[in-house]
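Q: build me a model:
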Amino acid sequence: QVQLTESGGGLAQAGGSLRLSCRASGRALNSLSVGWFRQAPGNEREFVAAIAWSGITYNADSVNNRYTVSRNNGRNMVFLDITRLKPEDTAVYYCAAPSTPISTDQLMLPDSYTFWGPGTQVTVSS
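A: From the prediction side, this is the model:
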């Protein structure tokens, strides 16, 4: 079992930056891929970024280079840095981990992930 907890969300202004954190317990994150997803009201859960167990990172085209995912193995945490915030970044952000190794193609699919955190709300004002 892997327990995930996100933090770092809140109210921010457009143009600013936020760092979201995903803390894990139960398993070392450097042995897993970790994905970040967001869900805005009325929308489906959307992939934004991931870091594979190898350390290679992936971003969704929709977020371009504004989102950066990183990992701190010593703290067993994964981070999502968001820069140049936009009102359309407003959503609940989730980190997730699979129960078994997944391929690169599977990283962006919510169904590939078994363990999810409760989410952290990000609200961006214009």
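Q: doesn't N30 belong to a strand?
A: No - remark: N30 does not belong to a strand; assigned using DSSP: H, G, I helix; E, B strand; the rest coil, it is helix.
Q: would you quantify the distance from it to M77?
A: Going from N30 to M77 by Cβ to Cβ, to the nearest Å gives 11 Å. To be clear about C-beta, it is placed using only N, CA and C from the backbone, and glycine gets the same treatment.
Q: show me whatever sits in contact with both of these two.
A: Common contacts of N30 and M77 (Cβ atoms under 8 Å, 6 or more residues apart in numbering): R71.
Q: please name the residues that touch Y113.
A: Residues in contact with Y113, defined by Cβ under 8 Å, 6+ apart, are G35, A96, A97, P98.
Q: list the contacts for the nearest residue in space to it that is not next to it in sequence?
A: Nearest non-adjacent residue to Y113, counting by Cβ to Cβ, 6 or more residues apart in numbering: A96, 3.7 Å away. Contacts for A96 (Cβ under 8 Å, 6+ apart) come out as L4, V34, G35, W36, F37, P110, Y113, T114, F115, W116, G117.
Q: quick check: S33 touching L107?
A: Yes - counting by Cβ atoms under 8 Å, S33 touches L107, with 6.0 Å between them.
Q: more crowded one of these two?
A: The residue with more neighbours, out of S33 and L107, is S33; 24 against 21, by other Cβ atoms under 10 Å.
Q: excluding chain neighbours, what is closest to that one?
A: Nearest non-adjacent residue to S33, counting by Cβ to Cβ, 6+ apart: A52, 4.7 Å away.
Q: and if you look at S99?
A: Spatial nearest neighbour of S99, excluding adjacent residues (Cβ to Cβ, 6+ apart): T114 at 3.9 Å.
Q: on that earlier part again, type out the PyMOL command that picks the buried ones from the contacts of A96.
A: Per 16 or more other Cβ atoms under 10 Å, the buried members of the contacts of A96 correspond to this PyMOL selection:
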select buried, resi 4+34+35+36+37+113+115+116+117
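Q: tell me which of the contacts of A96 is nearest to Q13?
A: W36 (21.4 Å; Cβ to Cβ).
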